[in-house]
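Peer 1: Attaching a predicted model along with its sequence, questions to come.
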There are 2 protein chains.
Amino acid sequence: MSASPNSTPVNVIAENEEQFRDFKLLNAVNDRYGGVIIEITEPMDSALFASLLRASIAQWRHQGKKGVWIKLPIQHANLVEAAVKVIYRLLQPNQAVLRAFLKNPEGFWYHHAEPNYLMLAYWIPESAHTLPANASHRVGIGAFVMNEKREVLVVQENTGRFWGTGVWKFPTGVVDEGEDLCTAAVREVKEETAIDTKFVEVLAFRYEICKQESEIEAAKWMPFDEYAAQPYVKNNDLSKYIADICLAKKERKYSGFAPVPSTSVFSNEKSYMYFNTYDLNGQ
Amino acid sequence: MSASPNSTPVNVIAENEEQFRDFKLLNAVNDRYGGVIIEITEPMDSALFASLLRASIAQWRHQGKKGVWIKLPIQHANLVEAAVKVIYRLLQPNQAVLRAFLKNPEGFWYHHAEPNYLMLAYWIPESAHTLPANASHRVGIGAFVMNEKREVLVVQENTGRFWGTGVWKFPTGVVDEGEDLCTAAVREVKEETAIDTKFVEVLAFRYEICKQESEIEAAKWMPFDEYAAQPYVKNNDLSKYIADICLAKKERKYSGFAPVPSTSVFSNEKSYMYFNTYDLNGQ
C-alpha cells in the first residue's frame, strides 16, 4: 500500500496550522515611535477581527510595543464597534491616570477621521500616552490684491453671513492639507476671480472659528478708498486693522512676512519660512 | 356592561400610535445653514436607528434641508455601520458629480473625529456639498525666551528625533483648539521649564508636518552664541534663519507680528490680530 491516502490529511492539518499561524496576528507595520499600524484592506467578520486584535495586542505588549493604530476604511465600518467596545486592557483600581487620559481606557479610541477612513488608536503601556494630537485648526486666507490702477480686488458671496448685505470683501479660502500658504492664496484668488496673482507677503494673521465655505456671486476691482469706506469695514475692529495695514502696505510703509524657501536637513522636505525679510536682509 | 373592557385596547393603540409618531424621526436641531444635527445620547438598536434615520432623511428632504450631521459618542459605536452602509440615496447613472465629490455617495461619510466621538455627515441635495472641511492643521510653536543676562532658554527632549543627540533647542509645543497663540506659547514654556514668560511677538512662522509630541529631559539658560554655535543650528537652513532672526531681535533690529486684541462685530468673540505694530503705529 502506498502512504499517500494517509499523508493527505496530514498535509491538510499542516496547512491549517500554517493558516492559523498566519491569521493569529493582524498584519501590521512598525512605525518610527515603537508602535504598530494596522491597515485593514479586506472585509472581515467583526468577531474574528476582535479575537485577532486581542491576540495581536497580547503579542505586541510582550514585545514592548507602545501605540497601536488602526486605519479603517469606511467600507469596513462593521469593525469599528469591535475595536472600541472589546476590552483589550483590564485596568487596576489605582490606574487613575490612564482612566483620566484615555477617553476609552479599555479599548481603542478615535484619533481622527477623513471622509473615507477612520483612524483609531490604542496605547499599550501602563502610562499616559505620547501619541500626537489630531489636527485642530483650519488655515484660512484672505488676499489683498491690487492692480496698477491701485484698485483692490473684491468679491461678493452668495452664501454665508455676508450674503445679501452688499458687502464687497477680499477673496478668501482655506489652505489644503500639505499645501503652502502662498500657493493656497494664489489658487483661491484664481478660483474665485480667475485673476492670476503673485504672492508677496503675509501682512497679518489672526485666529477665528471659520464657520462655512463661501461661494462667490460677483468679483470686481474697486478703488481702495471705496473698499475702506464700506460701513462693515469701518465699523469692525478687525476689518479696520486689515484696511489700515493694506493702506500702509500700499504706501510702502509696512513690512509683513515674506516666504523664503528652505530645506530641513532632517526631513529633507522643502518648506517656506515666513518672516520680516526687510528687517533681516533689507529686502 | 361598561365600556371599559373595550376601551383599554383602544387606548393602547392610541399610545402606540403616539409613540410611533414620536419615534418616527430622530431628534435633531437645525443648524444655521439649512441643515440638521442629530445628537445620539441614548443606546439604540442599530436596525431601529437605520429605519429612523431613513424616515428622518425622507422628511428632511421633503422640507428642503441640506446637510445632516450625526454626532455619535464612542459608546454608541454600534451605530456607525448603519449610518455609513445603509443606502439613504439612490443615485442616477448620470450623477457623476455626486459620486466624485462624496466619498460614500449613498450613505453618511466621516467628517471628523475626536477621542470620544465621531462626526458623520450626509448631504441631501442633488448637488455637490458645501459643508465645511474638517481640521487639517496643527499649530505648533517654538519660543525664543531671553533673560536679563541675554541667555536663551533651551531644553533637551527625551523622545523624538533629537533624543540622545545632545542638541539644546527652544521649548516647543502645540496650540490647543480654541487657544490663542500667545497664550499657548506662555503655557508651553511654563509646562516644559516652569519659567513664567511674557509674550512679545511672532518672529516668524513656517509649515511643517509635526510628527510627535516631545517630552522634556532637561531645561537650562544658555548664552545665545553658544546656542547658535551648535552644529544642528548652524548647518540647518531653517534653524539658521531662526537664529538670525532671534539675533536681530536681540539687537532690536527686527519687527515681528505682535498680538493686538480686537472684537469682531459679527461673532462678538474676542481674538488677537497679529501684525507689524511697529510699522503701523511706531510701537
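Peer 2: Received the coordinates, thanks. Numbers count the residues shown, from 1 in each chain, chains lettered A, B, ... in the order given.

Peer 1: and residue A:70, that's in a helix?
Peer 2: No - Residue A:70 is assigned strand when assessed by DSSP: H, G, I helix; E, B strand; the rest coil, not a helix.

Peer 1: can you give me the helices for chain A?
Peer 2: A:4-24, A:46-62, A:80-85, A:96-101, A:181-193, A:224-228, A:231-234, A:237-250, A:277-281 (DSSP state H).

Peer 1: by contact count, what packs against the fifth one?
Peer 2: Packing contacts for helix A:181-193, counted by 3 or more CB pairs under 8 Å, 6 or more residues apart in numbering or on different chains; DSSP states H and E, involve strand A:140-142, strand A:151-157, strand A:172-174, strand A:216-223, strand A:270-275. Where you see a C-beta, it was placed from the backbone N, CA and C, and this is true even at glycine.

Peer 1: Only alpha carbons, please: show it as PDB.
Peer 2: Below are the C-alpha coordinates for helix A:181-193, written out as PDB (Å, rounded to 0.1, in the frame of the first residue of the first chain):
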ATOM      1  CA  LEU A 181       0.200  79.200   2.400                       C
ATOM      2  CA  CYS A 182       1.500  81.200  -0.600                       C
ATOM      3  CA  THR A 183       0.300  78.600  -3.100                       C
ATOM      4  CA  ALA A 184      -3.100  78.500  -1.500                       C
ATOM      5  CA  ALA A 185      -3.600  82.200  -1.600                       C
ATOM      6  CA  VAL A 186      -2.800  82.300  -5.400                       C
ATOM      7  CA  ARG A 187      -5.000  79.300  -6.000                       C
ATOM      8  CA  GLU A 188      -8.000  80.700  -4.100                       C
ATOM      9  CA  VAL A 189      -7.800  84.100  -5.900                       C
ATOM     10  CA  LYS A 190      -7.700  82.300  -9.200                       C
ATOM     11  CA  GLU A 191     -10.600  80.000  -8.300                       C
ATOM     12  CA  GLU A 192     -12.800  82.900  -7.100                       C
ATOM     13  CA  THR A 193     -12.000  85.600  -9.600                       C
END
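
Peer 1: contacting residues around that helix?
Peer 2: Outside helix A:181-193, the residues within contact range by CB atoms under 8 Å, 6 or more residues apart in numbering or on different chains are A:139, A:141, A:143, A:145, A:153, A:155, A:171-176, A:179, A:195-199, A:202, A:216, A:219, A:259, A:272, A:274, B:207.

Peer 1: Now which of the residues you listed would you call buried?
Peer 2: Taking 16 or more other CB atoms under 10 Å in any protein chain shown as the criterion, what is buried in these is A:139, A:141, A:143, A:145, A:153, A:155, A:171-175, A:197, A:199, A:202, A:219, A:259, A:272, A:274, B:207.

Peer 1: rewinding a little: would you mind checking which of the helices and strands packed on helix A:181-193 scores lowest on average pLDDT?
Peer 2: Between those, the lowest average pLDDT goes to strand A:216-223, which shows a mean of 78.

Peer 1: in that strand, what counts as buried?
Peer 2: For strand A:216-223, by 16+ other CB under 10 Å, it's A:219, A:221.

Peer 1: Identify the residues contacting that strand?
Peer 2: By CB under 8 Å, 6+ apart, strand A:216-223 touches A:147, A:149-158, A:163, A:168, A:171, A:192-195.

Peer 1: ditto for stretch A:24-43
Peer 2: Here stretch A:24-43 makes contact (CB under 8 Å, 6+ apart) with A:49, A:52-53, A:55-56, A:59-60, A:64-73, A:75-76, A:79, A:130-131, B:159, B:211-212.

Peer 1: Endpoint to endpoint, it covers what distance?
Peer 2: 16 Å (CA to CA, to the nearest Å).

Peer 1: in it, what's buried?
Peer 2: So for stretch A:24-43, counting by 16+ other CB under 10 Å, buried means A:25, A:26, A:28, A:31, A:33, A:35, A:36, A:38, A:40.

Peer 1: From those residues, which land in strands?
Peer 2: If you go by DSSP state E, the buried residues of stretch A:24-43 have A:28, A:36, A:38 in strands.

Peer 1: can these go into CSV with extra columns for pLDDT?
Peer 2: Below are these laid out as CSV (pLDDT from 0 to 100):
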residue, pLDDT
A:28, 94
A:36, 96
A:38, 96
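
Peer 1: from these, which is closest to chain B?
Peer 2: Distance to chain B across those (CB to the nearest CB) is lowest for residue A:36, with 15.3 Å.

Peer 1: Not counting its neighbours along the chain, what's nearest that closest one?
Peer 2: Using CB to CB, 6 or more residues apart in numbering or on different chains and skipping the chain neighbours, the partner closest in space to residue A:36 is residue A:28 (4.2 Å).
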